[in-house]
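[1] Below are the sequence and a predicted model for it; my questions follow.
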Amino acid sequence: MKCGIVVFPGSNCDHDCYHILKDVLNQETHWLWHKDDVDLSSYDLVILPGGFSYGDYLRAGAISRFSPIMNSVIPFAENGGKVLGICNGFQILVESGLLPGALIQNRTRKFICKNVYVRIESTDTPFTQQCGDKPIIQVPIAHHQGSYYIDPLSLNDIEERGQVLFRYCDAKGNITESSNPNGSVGSVAGLCNEQKNVMGMMPHPERCADPLWSNTDGQGIFQSLISQSRI
Amino acid sequence: MQNEPEITLQLVKDHGLTGEEYRRILNLIGRTPNFTELGIFSVMWSEHCSYKSSRPFLKNLPTEGPNVLQGPGENAGVIDIGDGFAVVFKIESHNHPSFIEPHQGAATGVGGIMRDIFTMGARPIALLDSLRFGEMEDPRTRFLLNGVVDGISSYGNCTGVPTVGGEVYFDSCYNGNILVNAFCLGLAKSDGIFLAKAGGVGNRILYVGSKTGRDGIHGASLLASSEFDETTEEKRPTVQVGDPFTEKLLIEACLEIMEFNWVVGVQDMGAAGLTSSSFEMAHRSEAGVRMDLSKVPLREEGMTPYEILLSESQERMLFVIEPGHEGEAIAILEKWGLDAAIIGEVIDEPGVRIEFKGKEVVNLPTFPVVDGALDLKRETKRPKYLDKIDQLNLKELPEPSRGDHAFLKLLACPNIASKEWVYEQYDHMVRLDTLVLPGSDAAVLRIKGTKKAVAISVDCNSRFCYLDPYNGAAIAVAEGCRNVTCSGAKPIGLTNCLNFGNPEKPEIMWQFEQAVKGIGDTCLFFDIPVVSGNVSLYNETKGEAIFPTPIVAVVGLIEDQTKIMTQGFKKPGHRIGLIGFTLEELGGSEYLKVLFDKTEGKAPALDRKNEKQVQEFCLELIQKGLIQSAHDCSEGGLAIAVAESCFATPEETLGAKLELESTLRGDTLLFGESQSRIVISFPEELTDQIKNLALSYNVDFSLIGITGGSKFTVSINGQEYIKQEIESIKNIWKTSLGRYAGQTT
């Protein structure tokens, strides 16, 4: 699989994604610089990594969506190219209109970094098709503006279309008020677009994919993408 | 420049300089300084920059060792860890700014310490913070706690450097003067360390980073180097404002530039800004510098040379590069969107000449400015309070028949309760190196590309230091080493941040002298070099000093990433053992404070030889794979240490059943804070092997219980002393601090 990782000014999970894809999963991995307009047609996957692009100033993701690289990423996505946005990358995807809804401040109004559980709601996407063995995964979150919001009618639409891929839950998979760390509507932790080639998620799968840790639950997402690209 | 104030004795005093110091300036430079030059002396001779009170005492600290690549005197200390890598680390205070403006004060403290690290060519990989707040009842405490944690969180998280540990304590002695000490550790190639040197004549001075503004002027001299009084609030404009986004870009840009061999030296513009960075670099190279302030990128118009030189605007660095590479350097900096300008060059005379708009505004030799401040031979005198508090008659303390009440109170008290509310606000996982998450004895980080890991612990029990500064400081070192040992590491180096009151008082300097001696003697005994450090004096409000608080950060090395130990019990049915022995000691304990509101008695005894054996024994147990958990006994004593081991992870909990035999009072046995003790757990079949090994180390070792069940029970000599549901006590311990912090007043 040929992957590109976009480096925005202030990206800080770029190296982590690179480490997992290149060093742990042995995939061909390249950096994509935010100021460049790049021909992405040879790429299987573009990752918008976590971090604080442009310092999260104005609003998380609001400035990065105007970066020159997005002029390449948006048409790539519209032509069916696979794009994965993690944390700040999810915020950028939402700001650029590639995914519906918005990400607002956590209801605690604090940054939250901890391990949470998420339930995989659909394996019928290129991002989750290898996740069937483990429907509930433990994965870290680390964000301040990670509370997903969408109006109730649109929430219903994306649920019906199977776009909601991850929901915050407890260790047994129950969706409860207390298992929702940030106040997201419908406990949504991650979703994809209607065509299922663009996915954004607040939790960090790259933080639980290195075999040095006992938890490697995040690998399923990367393995799904890798297996896709081989077909 | 135009309308510069005339130099009068009053102006000199307003700059924090004494008459004697001013006379010394006149003698050293042979003329009256102009206004800008007076400003330069004011910051460079301040306590904060010159160490004029503390330096004579610090000379005795052991700073050398076979693996020390750089000791004190540079931006940070450096220790070789093998495999071509070195760790670079330091701890620094940002106390006064954080009291006046907690968010920005703490944030810029984090920013400043990170710059000290990447200035040396190292990538920052871990932050820790040692925080001290006033008592919970003080109305300002909650505001300060929230502001400081928020400031650290917003700055550290944005830069992508994980905040992996630290400590938080509350005591009324900090009501008027909180402590915010920030530690950073970076990783560098051992042959790629940069020093703050200017090098040869003709080298170019390159200004990098944020534009210079009017913020932070006299932060070091007037804010950091005087005690608090009624006018403190007026000093708010001396607090700098940080921009973590620029810091992140600065990290990446600087590390990219430092790959080139035309970079000669680097220094960050921290306290005393452009002044200290230029004078110190010139002085270290026995060279001089010529600069043109008209070329400095400015945030606003109309700034005077005085303001430009004394500004403490954040996120700025000064590079010295070989001529001919200006274009390459500036291209890299522009790629990262940073301001950069060549503002001067190295000259062949031991002085600093500064021009502004075609006119020379400063012409000073480097020596008087950098090294000319008198080493003040401060008087020392043993404080009288020590005679009063020394006596603690245990017979006068009512002895409870059961321990439940005290146990529950201790679990809920903020010095012992879980710090989850704090560390969940810090990104402690970014960079994928954090092998042991916050909440254990030490933070552990892997070194990518090697089998190694480093363990870090920051420690200081300031109550012990108040009761006995020498012994308290020695305990801080011992405990730091014990903590990294419990994670499987061998201590390799230490940095300290010495927080004390007003050095003009002989009693304060006595505390300082004793504490430094305590650290020095203990480091010497354990053979651990002190490679960097920071002194923060004048931690007083209206004449009331804080407890002496020498914060110690110990760094340890783990050769094999797979042999890391954590404090949590792993399985039911494992045996619980105690390494070390318990004395009848309650002096300075959390128990005494929480139950009886007393800070009295003798600090626990520290037997260095025994401590060393305990640590070596524990390390061998870990390396041989004989034990499943190891946890230092500290605040709250044995009962709290075992309880913390029960609360293994946020999700998992194991009960414990302790059966103790002792002639000690129950409260002393369970809540006393005797040193050199470690709680371990292991499978039953290894008991004999561990016992025999203990004998060979000549270390006390006793079996005290078994893990498992849903309860936490303790019996002493067959009599039940504590019995609690494990889930309910975990809940008390876990939520108490967050509940306090979140309350609205």
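    The structure has been received and is ready for your questions. No experiment lies behind these values; they were computed from the predicted model shown.
[2] alpha carbons only for contacts and neighbour counts from here, please
    Noted.
[3] ok, now which ones touch residue 70?
    No chain in the question, so chain A it is. Neighbouring residues of residue A:70 by C-alpha atoms under 8 Å, 6 or more residues apart in numbering or on different chains: A:34, A:37.
[4] Chain B is the one I meant
    Residue B:70 touches B:76-79, B:531, counting by C-alpha under 8 Å, 6+ apart.
[5] Could you measure from residue B:424 over to residue B:164?
    Computed as C-alpha to C-alpha, to the nearest Å, the residue B:424 to residue B:164 distance reads 10 Å.
[6] Which one's more surrounded, these two?
    When residue B:424 and residue B:164 are compared on other C-alpha atoms under 10 Å in any protein chain shown, the one with more neighbours turns out to be residue B:164, at 29 against 19.
[7] Residue of the stretch 1-150 of chain B closest to chain A, please.
    Using C-alpha to the nearest C-alpha, the single residue of the stretch 1-150 of chain B nearest to chain A is residue B:150, 7.9 Å away.
[8] Helix or strand with the lowest mean pLDDT in the chain?
    In the absence of a named chain, chain A is used. Of all the helices and strands that make up chain A, helix A:219-230 has the lowest average by mean pLDDT, DSSP states H and E, namely a mean of 90.
[9] that's the wrong chain, I wanted chain B
    For chain B, using mean pLDDT, DSSP H and E, the weakest element among its helices and strands is helix B:47-50, scoring a mean of 88.
[10] after it comes which helix or strand?
    Remark: after helix B:47-50, the chain's next helix or strand is helix B:55-58, criterion DSSP states H and E.
[11] Name the next helix or strand downstream of that next one, please.
    If you walk from helix B:55-58 toward the C-terminus, the next helix or strand you reach (DSSP H and E) is strand B:68-70.
[12] How about the helix or strand following that following strand, which residues are buried there?
    Proceeding C-terminally, strand B:68-70 gives way to strand B:77-82 as the next helix or strand, assigned by DSSP H and E. Along strand B:77-82, the positions that meet the burial threshold by neighbour count (16 or more other C-alpha atoms under 10 Å in any protein chain shown) are B:77-81.
[13] pLDDT for the residues you listed - can I get that in JSON lines?
    Supplementary listing: those in JSON lines, determined by pLDDT from 0 to 100:
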{"residue": "B:77", "pLDDT": "97"}
{"residue": "B:78", "pLDDT": "98"}
{"residue": "B:79", "pLDDT": "98"}
{"residue": "B:80", "pLDDT": "98"}
{"residue": "B:81", "pLDDT": "98"}
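[14] if we can go back for a sec, count the neighbours of the residue of the stretch 1-150 of chain B closest to chain A for me.
    Using other C-alpha under 10 Å, the number of residues around residue B:150 comes to 22.
[15] what sits against it?
    When contacts are counted by C-alpha under 8 Å, 6+ apart, residue B:150 is found next to A:110, B:103, B:425.
[16] same check, this time on residue B:336
    Taking C-alpha under 8 Å, 6+ apart, one finds A:9, B:249-250, B:252-253 in contact with residue B:336.
[17] Which ones among the residues you listed lie within helices?
    Cross-referencing these against helices under DSSP state H gives B:249-250, B:252-253.
[18] tell me the SS of residue A:15?
    Judged by DSSP: H, G, I helix; E, B strand; the rest coil, the three-state class of residue A:15 is helix.
[19] whoops, residue B:282 was the one
    With three-state DSSP as the criterion, residue B:282 reads helix.
[20] Name the nearest residue to it, ignoring sequence neighbours.
    Computed as C-alpha to C-alpha, 6 or more residues apart in numbering or on different chains, the closest residue to residue B:282 that is not its neighbour in sequence is residue B:288, at 5.0 Å.
[21] Tell me which residues touch that neighbour, please.
    The contact partners of residue B:288, taken as C-alpha under 8 Å, 6+ apart, are B:282, B:346-353, B:366.
[22] again with residue A:189
    Under the criterion of C-alpha under 8 Å, 6+ apart, the neighbours of residue A:189 are A:118, A:148, A:165-168, A:201-203.
[23] Buried ones among those?
    Buried members of the contacts of residue A:189, scored by 16+ other C-alpha under 10 Å, are A:118, A:148, A:165-168, A:201-203.
[24] And the helices in chain A?
    Using DSSP H, helices in chain A cover A:14-18, A:70-78, A:88-95, A:152-160, A:219-230.
[25] Contacts for the third one, please.
    With contact meaning C-alpha under 8 Å, 6+ apart, helix A:88-95 is reached by A:47-53, A:60-62, A:64-65, A:84-85, A:99-103, A:199-202.
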